[in-house]
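[1] Predicted model and sequence below, questions to follow.
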Amino acid sequence: MFDTASVPRRSYDFEDYIDILRRNLRWILAPAFAGLVIATVIAYSKEDKYISSASIRVVPQQVSPEVVRSLTTQDMADRINGMAQSILSRATLTSIINNFGLYKGDLKKEPMEDVIDKMRGSIPIRPTEGIAASGRTMPAMQISFVYPDKYLAQKVCADLVSRFIDASSQGMNESTQAVHSFIQDELKQAKGQLDELDQKLTDFRTKNAGRLPEEMQLNLQQMTALEGRLGSINEALNRNTEQRMILESQLNMAKDRMAAVKSPQVMAHNNKVDELNRQIENLELSILSMRDRYTEDYPDLQAARDRLAFLQKQRDAATKEKVTADNSSYDPATATPERMSAQDQLTALNTQMKALTMEAAQYRRDMAATNAAIRQFQNRLQGIPAGEKEYSDLLRDRDMARAKYLELAANRARSTMAINLEQRRQGETLELIDPASLPSEPFAPKRTTYLPMGAMIGLVLGVVIVAVREMKDTSLKNLKDARMYTQLNILGSVPLLENDVVVQRRKQMVWVGWTTATLAGLAIMTASVARYYLAKG
């Protein structure tokens with residue numbers, strides 16, 4: 001015997017493939033026809049599913065965002081995703097199933113959770129793009145619902161769209177109200193902090209009145225003014241002292257004159273002293289006048305001082321000179337008016353002296369008060385650096401709290417405007433573009449795809465079966481195989497002789513089998529199609 005494992009197969013040519021196709025044609029057509037029958041049964045046994053779709057788009061805010069800014073940072077696309085999660089929640093889908101009586105058959109066989117998952121998979125939400133009135137491209141979406149009943153599919157789709165629009169409006173209002181409430185609470189807290197810092201600042205200013213940093217320049221100015229006033233008081237007190245010295249000289253002369261009216265010798269002596277005193281008085285007044293106009297080293301002022309010293313020596317000498325009164329020549333009649341004049345002069349000088357003394361006392365009191373005020377301002381200036389940091393911290397905290405309060409007040413005003421905008425439905429909303437459609441043709445199954453796909457799968461399966469059969473069949477099928485595998489020269493071939501009756505009967509059996517199988521397949525397909533249309537009708 002030949003070792004078939006060691007003999008390689010010869011390469012097939014076109015005639016070989018034709019021969020293989022002729023020999024195995026029934027093994028190719030049978031699986032293809034069976035696949036067609038099975039695909040027909042499956043396609044027409046599946047339940048029709050209709051899809052109803054509706055489109056909604058985002059309508060932009062009607063008022064310019066520069067006038068009323070949105071309070072939320074979440075855009076409409078994110079909010080749509082959030083709404084989709086809410087709409088597809090268990091509670092919402094359970095409500096829809098109970099309201100419209102959906103999935104009655106499934107509820108009898110499956111728990112509610114499985115039915116909800118099935119319904120969730122039957123609600124495709126696809127984002128699209130919508131064109132707003134302004135020409136801008138705004139987010140939009142298409143909501144669909146797949147269900148065997150097209151009328152219920154349309155109703156449920158419309159309900160889902162309505163829920164989306166209501167959820168958008170309610171969600172925006174709730175979001176705006178939440179932001180407004182948050183801003184209100186923050187504003188109240190900021191107002192309390194600002195009032196507390198204002199009170200602390202007021203208490204600090206009351207406690208440190210006059211020692212605040214911003215009062216330093218004012219304190220310096222006031223202290224400079226007080227020092228100037230102190231200098232003026234000193235100058236006035238010096239002038240008062242000089243005037244009192246002059247009055248004292250005049251008072252002494254008046255007393256001497258009063259005593260000299262009884263004797264001509266005394267009178268003459270006193271007149272001499274009076275003359276010296278008048279010269280001294282005039283010279284002192286001249287010196288005072290020159291001091292106001294010239295410096296101390298002015299020549300005329302130096303000469304006047306020397307002259308004053310000379311006259312004072314003469315006056316002192318004349319004052320010390322003893323004069324003997326001669327009463328024999330005294331005339332009371334002539335002495336009385338002169339005495340009265342001397343008495344009046346003495347009284348006037350005493351009055352001026354008292355006035356100057358009172359004025360000097362007032363100057364001293366003013367000087368003491370001015371010195372006390374200067375010391376007070378000096379203490380204030382010394383105390384400023386100690387509380388400067390605390391005061392600056394209070395001012396900084398107060399300014400920061402005020403800025404925060406003003407910012408929150410502005411945000412509250414904007415939030416109030418945003419709430420009014422939402423209440424008037426002028427903000428960003430959802431608008432229905434296409435209402436829920438009533439489907440006319442089923443969405444699934446795709447029967448026009450199922451049938452050729454089933455036939456193609458059967459055909460491929462038949463080809464695979466034929467290939468396997470040919471790989472396992474090692475018999476010699478023609479002269480080419482005989483020459484190849486026997487390595488002998490073929491002189492001729494003897495045809496296979498069979499009984500014609502047997503051959504005819506075999507052919508008849510094959511045709512009967514094929515006809516029966518074909519009719520059975522056609523019957524099965526016809527029954528499936530008829531059952532579908534009868535159930536649909």
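    It's in. Residues are numbered from 1 along each chain as shown.
[2] Any stretches of the stretch 1-150 of the chain with poor pLDDT?
    1-10, 60-80, 129-138 (pLDDT under 70).
[3] Which stretches in it count as strands?
    50-59, 125-131, 137-147 (DSSP state E, counting those that start in this stretch).
[4] domains of this protein?
    What automatic domain parsing lists as the domains of the chain is 14-46+445-536, 215-411.
[5] quick one: which of those domains is nearest Val59?
    Evaluated over those, closeness to Val59 peaks at domain 215-411, with 25.4 Å, by C-beta to C-beta. C-beta here means a position set from N, CA and C on the backbone, and glycine is covered the same way.
[6] Using JSON lines, lay out the strands of the stretch 1-150 of the chain together with mean neighbour count and distance to Glu441.
    Converted to JSON lines, the strands of the stretch 1-150 of the chain look like this (neighbours: other C-beta atoms under 10 Å; distance: least, C-beta to C-beta, whole Å):
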{"stretch": "strand 50-59", "mean neighbour count": "21", "distance to Glu441": "8"}
{"stretch": "strand 125-131", "mean neighbour count": "13", "distance to Glu441": "20"}
{"stretch": "strand 137-147", "mean neighbour count": "20", "distance to Glu441": "13"}
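[7] possible to save the ones you listed as CSV with distance to Pro435?
    What follows is those, written out as CSV (distance: least, C-beta to C-beta, whole Å):
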stretch, distance to Pro435
strand 50-59, 6
strand 125-131, 15
strand 137-147, 11
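[8] Identify whichever of those lies nearest to Leu406.
    Of all the strands of the stretch 1-150 of the chain, strand 50-59 sits nearest to Leu406, with 33.9 Å by C-beta to C-beta.
[9] packing partners for the closest one?
    Counting contacts by 3 or more C-beta pairs under 8 Å, 6 or more residues apart in numbering; DSSP states H and E, strand 50-59 is packed against strand 125-131, strand 137-147, helix 150-207, strand 429-434.
[10] Relative to Thr416, which of these is closest?
    Going by C-beta to C-beta, the one of these nearest Thr416 is helix 150-207, 7.0 Å.
[11] ok, Leu88 touching Arg120?
    Yes: using C-beta atoms under 8 Å, Leu88 is in contact with Arg120, at 5.4 Å.
[12] quick one, which of those two is more surrounded?
    For Leu88 versus Arg120, neighbours defined as other C-beta atoms under 10 Å are more numerous around Leu88 (16 against 13).
[13] The stretch 401-537 of the chain: helices as residue ranges?
    Using DSSP state H, counting those that start in this stretch, the helices found in the stretch 401-537 of the chain span residues 447-472, 479-486, 500-536.
[14] Tell me the bridge partners for Tyr141.
    You called it Tyr, but residue 141 is Met. Beta-bridge partners recorded for Met141 (DSSP bridges): Ile56, Pro127.
[15] list the contacts for it?
    Ser55, Ile56, Arg57, Ile80, Ile125, Arg126, Pro127, Thr128 (C-beta atoms under 8 Å, 6 or more residues apart in numbering).
[16] Nearest to Val464 among those?
    Taking C-beta to C-beta as the measure, Val464 sits nearest to Arg126 out of these, at 39.6 Å.
[17] hang on, that closest one packs against Ala140?
    No: using C-beta under 8 Å, Arg126 is not in contact with Ala140; the gap is 9.8 Å.
[18] where are the low-confidence patches of the stretch 401-537 of the chain?
    Using pLDDT under 70, the flagged stretches of the stretch 401-537 of the chain are 421-428, 475-500, 502-503, 537.
[19] let's see it at 80
    Within the stretch 401-537 of the chain, the stretches with pLDDT under 80 are 414-431, 443-444, 470-504, 506-507, 510, 536-537.
[20] Next, count neighbours for Gly462.
    Around Gly462 there are 22 residues (other C-beta under 10 Å).
[21] and it, what is it in contact with?
    Contacts of Gly462 by C-beta under 8 Å, 6+ apart are Trp27, Ile28, Leu29, Ala30, Pro31, Ala32.
[22] Run through the residues that contact the last one.
    When contacts are counted by C-beta under 8 Å, 6+ apart, Ala32 is found next to Ala455, Met456, Gly458, Leu459, Gly462.
[23] of the residues you listed, buried ones?
    Ala455, Gly458, Leu459, Gly462 (16 or more other C-beta atoms under 10 Å).
[24] buried residues in stretch 367-374?
    Those would be Met367, Thr370, Ala373, Ile374, for stretch 367-374 by 16+ other C-beta under 10 Å.
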